[in-house]
Each structure stands twice: as structure tokens, then as C-alpha cells.
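Trainee: prediction below, plus the sequence it came from.
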Amino acid sequence: MGSDSSSTVRLNIGGKKYYTTVDTLTQREPNSMLATMFSGWHTVCLDPEMGCVFVDRDGKHFRHILNWLRDGAIPTLKHTQYSELLREAEYYQLPGLVEEINAVLSRKEDEEDLTNELTRHDVIKCIQSERVRFRGVKLSGLDLSKLDLSYVDFSHACLRNVFFSRANLQSAKFRDVDAEGAIFHNATLQE
């Protein structure tokens, strides 16, 4: 395979097909495994049956690898998916992406440390203000019974095993929440 920087490269990463250019694979991370493979210094063998370069890795997160190489974009993922992407970034020797993922994981751990410390008392102090948002906050296991939580935005929050019995949840927002095991016995749930 030639090293023409604008040439199209067909990849098969663990059974998933990707199309990109040599520029994409070599420019952002010039010392990476992918840049080395397609630098022109090495011969890359095509799989004769598939007509593309085969890499024996799970192709699930390779699109994120390509997007990083294209524009430096870090995807929004769940914590476990960042760990999986980190493993792939390390395999492909992409130090910039490894650094970015580690920074995201560090921020997430800091956020988890803060949210793990929320108590019923903290929630009561928060709901006394006018606009209350617990977007993306981890409230697992809290007893929020009998509280006026009307109009509170819980979108993307972790509400596992939260006790909402007899709470006023009128017009509260629960978009994309994890409320497994939450109890809403006799709670007001209008709108």
C-alpha cells in the first residue's frame, strides 16, 4: 500500500469496516502505531478476501479513535466506555487521546466524590432556592420522602433506590434517569 497522504484506507477492525485517509491516520499522532503502519516505511498487507487492512481488535470504539484523529473530539460516554476507549487508545499508542481520557475520568471521579457526599439535608438546602437542578447528579439511596421537589430537574441523574414516598414531584423532569429500585409510593406525579 502506498503512502500517498490523501489515499483512502480501508480498515477492518475486528469485523467492523472503516474508511479513512492516510492523513487522518498519520497527522495528529505521528508516533502512533497507526501512523507507523501507514507512514510508507512499512509494507501493509491487505487481506485478500476482504480487500482491506485487518486489525485484530474490537472495532466498537474505533470510530472514536478515528474522530479523535480527525478533529481531536472526545466523545461523551459512560464511565465504563471511557475505560474501554482508554484501553484502545493505549493499544494504538495515542498519547494525546490517553491524556484526554484520563482527564475526563479524573473529572468524573471528582464529580462522583462530590455527589456521594450529598445528604438529605444538602438536598433540602438546594430545593429552597428558586431554580433547582440535579442534572447528572448521583443521589442513589437517599430518603427524599415528603419533600416538595416540584419542578426539580433530575435529568440524567442516578436515582437508584431513592425513596420518594409522599414527595411532591409535580412537573419534575426525569429525562434519561437511572431510577432502578426507586420508590414513588403516594408521591404526587402530575405532568
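Mentor: On my side now, so go ahead.

Trainee: ok, the residue nearest to the spatial centre of the chain - contacts?
Mentor: Centroid check for the chain by Cα atoms, centre = their mean gives L77 as the closest residue, at 0.8 Å. When contacts are counted by Cβ atoms under 8 Å, 6 or more residues apart in numbering, L77 touches H64, L85. Yep, even glycine has a C-beta here, placed from its N, CA and C like the rest.

Trainee: look up how far S171 lies from it.
Mentor: 31 Å (Cβ to Cβ, to the nearest Å).

Trainee: over to D23?
Mentor: Relative to S171, and taking Cβ to Cβ, D23 is found at 51 Å.

Trainee: ok, Y151 next?
Mentor: Y151 sits 5 Å away from S171, going by Cβ to Cβ.

Trainee: also Q27?
Mentor: Distance of Q27 to S171, computed by Cβ to Cβ: 50 Å.

Trainee: hey, where'd the strands end up in this protein?
Mentor: 8-13, 16-21, 53-55 (DSSP state E).

Trainee: quick one: mean pLDDT for the shortest one?
Mentor: Averaged over strand 53-55, pLDDT sits at 89.

Trainee: run the chain-centre distance for that strand.
Mentor: 26 Å (Cα atoms, centre = their mean, to the nearest Å).

Trainee: tell me which strands and helices that strand is in contact with?
Mentor: With contacts taken as 3 or more Cβ pairs under 8 Å, 6 or more residues apart in numbering; DSSP states H and E, strand 53-55 sits against strand 8-13.

Trainee: the strand it packs on pairs with which strands, parallel or anti?
Mentor: Here strand 8-13 is paired, per DSSP bridges, with strand 16-21 (antiparallel), strand 53-55 (parallel).
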